[in-house]
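Chemist: Provided below are the primary sequence and the corresponding predicted coordinates.
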Amino acid sequence: MLLSALIAVEAIAAPPAATYDETLYINLDSYGSATKSSVVKSYSLNSNTDITDYGTYGDIINMTDYTEAQTGENSVKFDFSKSASIPKRFYFEGKDPVLTSELPWNIDVSYKLNGVPAKAEELAGTSGLIEINIDAVPNENSSDYYKNNLLMEAACVVDVDDVLSVDAPGSQIVSVGSLKTIVFFALPGEEQHFTLSIGSDDFEFSGMIFMLQPATMSQ
């Protein structure tokens, strides 16, 4: 009888809730202005056959299979019950989920070539000392949570075998072989100005990555 009871309980027990993590991506142009944004969500289904995500998106892209999104008011649902196989992990991308004007910093990037102001689009392949100046100014229109809790890292990677010199005052630099990872930091609500100088006889640059994350690292 004990065995029968256990079987009955297992038959009606519901699977644990699906869990997810998310990353918001924002594309900036060469001068720091936001051009577009999207959020990528990664769901562990935990044996569930459907998920409902709450959010408002422009376009929705299924990055895992061909299950179509069912959109509602401020929600999107994916039902895998009729799929040939239910994924263990499911990814989708939602376009333009937030107003980039709400971010905690306004980013402005400017350039100089040999001390003279220059346009970003004219620097590729040039010779000389290229300065990349980044102004990170707190955005007063941002939410209190963003302003008080998010810190910023501005990072890039430079191969010293491909340049004549590299200088980044105030940054943290980690060397792995010929690669130098350069990271600048800004604390919540802090105004910062960063300068990266690269001497080159044939300039090329992979760009800066700005990472925003909670100052409480356990989050």
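Modeler: Okay, I see it.
Chemist: give the contact list for residue 35.
Modeler: 27, 28, 29 (CB atoms under 8 Å, 6 or more residues apart in numbering). Every C-beta, even on glycine, is put in place using the N, C-alpha and C of the backbone.
Chemist: Residue 94 too?
Modeler: Each residue near residue 94 by CB under 8 Å, 6+ apart is listed here: 38, 39, 41, 55, 57, 58, 59, 60, 61, 76.
Chemist: Kindly report the same for residue 164.
Modeler: By CB under 8 Å, 6+ apart, residue 164 lies in contact with 199, 200, 201.
Chemist: sorry, back to before: among the contacts of residue 94, name the ones in strands.
Modeler: Residues of the contacts of residue 94 located in strands (DSSP state E): 38, 39, 41, 60, 61, 76.
Chemist: The last one reaches residue 58, doesn't it?
Modeler: No: in terms of CB atoms under 8 Å, residue 76 does not count as a neighbour of residue 58; the distance is 11.6 Å.
Chemist: Of those two, which one has the most company?
Modeler: Shown here are residue 76 and residue 58; by other CB atoms under 10 Å, residue 76 has more neighbours (19 against 11).
Chemist: Now which of the contacts of residue 164 would you call buried?
Modeler: Buried members of the contacts of residue 164, scored by 16 or more other CB atoms under 10 Å, are residue 200.
Chemist: In CSV, list the contacts of residue 164 along with distance to residue 127.
Modeler: What follows is the contacts of residue 164, written out as CSV (distance: CB to CB, whole Å):
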residue, distance to residue 127
199, 9
200, 7
201, 5
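Chemist: Reformat the contacts of residue 164 as CSV; add secondary structure, pLDDT and distance to residue 137.
Modeler: Shown next, in CSV, are the contacts of residue 164 (DSSP: H, G, I helix; E, B strand; the rest coil; pLDDT from 0 to 100; distance: CB to CB, whole Å):
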residue, secondary structure, pLDDT, distance to residue 137
199, strand, 98, 28
200, strand, 97, 29
201, coil, 96, 34
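Chemist: re earlier: can you say which of the contacts of residue 35 are buried?
Modeler: By 16+ other CB under 10 Å, the contacts of residue 35 give residue 28 as buried.
Chemist: do you know how far residue 162 is from residue 73?
Modeler: Separation of residue 162 from residue 73 (CB to CB, to the nearest Å): 52 Å.
Chemist: Which of the two has more residues huddled nearby?
Modeler: In this view residue 162 and residue 73 are compared by other CB under 10 Å, and residue 162 has more residues nearby, 13 against 6.
Chemist: tell me the phi and psi of the residue nearest to the spatial centre of the chain?
Modeler: Nearest to the geometric centre of the chain sits residue 25, at 3.9 Å (CA atoms, centre = their mean). With angles defined as degrees, to the nearest 10, residue 25 sits at phi -110, psi 130.
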